[in-house]
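> Predicted model and sequence follow; I will ask about them next.
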Amino acid sequence: MPLKFSIGGLLLDNPVLLAPLAGVTIPSLRLLFSRLGAGAVHTEMISCAGLLALERGQQRTRTGRMLSILDGEAPVIAQFFAGDVETLSAGVEVALRQQRGFAAVGINMACPMPKVLKKGAGSMLLERPGIAFEMVARLASLGLPVWPKIRKCPSTSPLSTESFCEGLLRSGAASVTVHGRTPAQRYEGSADASLPVRLAALFPGRICASGDIFTTERSAEYVEGGCVAVMLARGVIADPFLLPRTLAHLGLDTSPELLDPAPDRQTALLLEFGDSVCAEAGQRIAALMVKRLLSGMFRGQPGVGALRRTAAEVLSWEELRAMLEERETRVSPDIR
Ligand SMILES: Cc1cc2nc3c(=O)[nH]c(=O)nc-3n(C[C@H](O)[C@H](O)[C@H](O)COP(=O)(O)O)c2cc1C
């Protein structure tokens, strides 16, 4: 097994990456998945218009916070969105002046949400290939590897997904991440898992796969099909330990204690995560984020349903933290 994997212009420990998830992949969550073994992690998509407003002193603090990186994170790919080349490149320049720690820059060409589409950004770029290619060329001139993320091109797109990918790579993209759903599908129906594999055959070593990665087998299908990396998304939010299990399934290094985690280890990871979110974003967000991961972290343990129901009533991290600590003394008494 090689010590490092060459993926999208980076040397990474492994090809199992955390996908960008708006409202979810905040620094503390990226740190958690770095601890679970991710080869690299993505920020949420960051608005370039928001960054420019921030520089003019007109923006709320959240866009600025999206630029922070915590000690211990795996290499961070910062993903940006904008509807035109100037806004994108000016916003990315602001970001790179404020944060020198990003390993690569991503461009969102996949988001199907109306508020992003109406700016001409996200998956609207699949219908504007000229702008999309110029965006890649402009960001490539800034010196970091450029990682556009796309969806399956809809029939209204002037190019096939194959030609769109080819254009991105020719314009200087280091890799292209492909999610095999059309924008119209949003997050419903199933992803076309054969699409990233077909593209990987056309562009060897350049395609990362996204879409319906809920099992270790799906990741293996993508990797064995020639995709250079897989991006875990909803699958690891529902079941965080899917990440170390995927590493093991692919024959990659992972720690045995993450494959069969003891309850006290699960609690420790969740407490560290909650404390980190609390420091980053406050009590309420910390409680919300921990509740989101609760069932997945304690999957298979007795009493998880009841814990989730009780936790649903709790609004502060302080209270939820006390509840988790108290539970741990009951579940793992022998460890004390
Ligand atoms: C809540 C949520 C937020 C997302 N945010 C982003 C984003 O900011 N940038 C992006 O490129 N994709 C985003 N995605 C798409 C995911 O990265 C991924 O491509 C998609 O969920 C398909 O993978 P899955 O079926 O394994 O979840 C988001 C998906 C969800 C569910």
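That came through fine. Numbers count the residues shown, from 1 in each chain.

> Get me the contact residues on the stretch 201-336 of the chain for the ligand.
210-213, 233-235 (C-beta under 6 Å from any ligand atom). To be clear about C-beta, it is placed using only N, CA and C from the backbone, and glycine gets the same treatment.

> Then the stretch 1-150 of the chain?
So the stretch 1-150 of the chain meets the ligand at 19-22, 24, 44-45, 79, 108, 110-111, 149 (C-beta under 6 Å from any ligand atom).

> picking that back up, of the residues of the stretch 201-336 of the chain next to the ligand, which count as buried by neighbour count?
210-213, 233, 235 (16 or more other C-beta atoms under 10 Å).

> Please identify which of those is nearest to Gln58.
Relative to Gln58, the closest of those is Ala233; by C-beta to C-beta it sits at 31.8 Å.

> from the middle of its chain, how far away would stretch 257-266 be?
Stretch 257-266 sits 23 Å away from the centroid of its parent chain (C-alpha atoms, centre = their mean, to the nearest Å).

> Other residues contacting that stretch?
With contact meaning C-beta atoms under 8 Å, 6 or more residues apart in numbering, stretch 257-266 is reached by 36-37, 241, 244-245, 248, 269, 297-298, 301, 328, 331-332, 335.

> show me where the stretch 1-150 of the chain has helices.
27-35, 48-55, 61-65, 85-98, 114-117, 129-140 (DSSP state H, counting those that start in this stretch).

> Report the inter-axis angle for the longest one versus helix 129-140.
Read it as helix 85-98. 20 degrees (axes from the mean of the first three to the mean of the last three C-alpha atoms, to 10 degrees).

> Run the chain-centre distance for helix 85-98.
With C-alpha atoms, centre = their mean, you get 20 Å for helix 85-98.

> Pop the domain breakdown of this protein in here.
5-259, 263-326 (automatic domain parsing).

> Check the separation of the first and last residues in the first one.
In other words, domain 5-259. End-to-end distance for domain 5-259, by C-alpha to C-alpha, to the nearest Å: 22 Å.

> Average pLDDT for that domain, rounded please.
The average pLDDT within domain 5-259 is 97.
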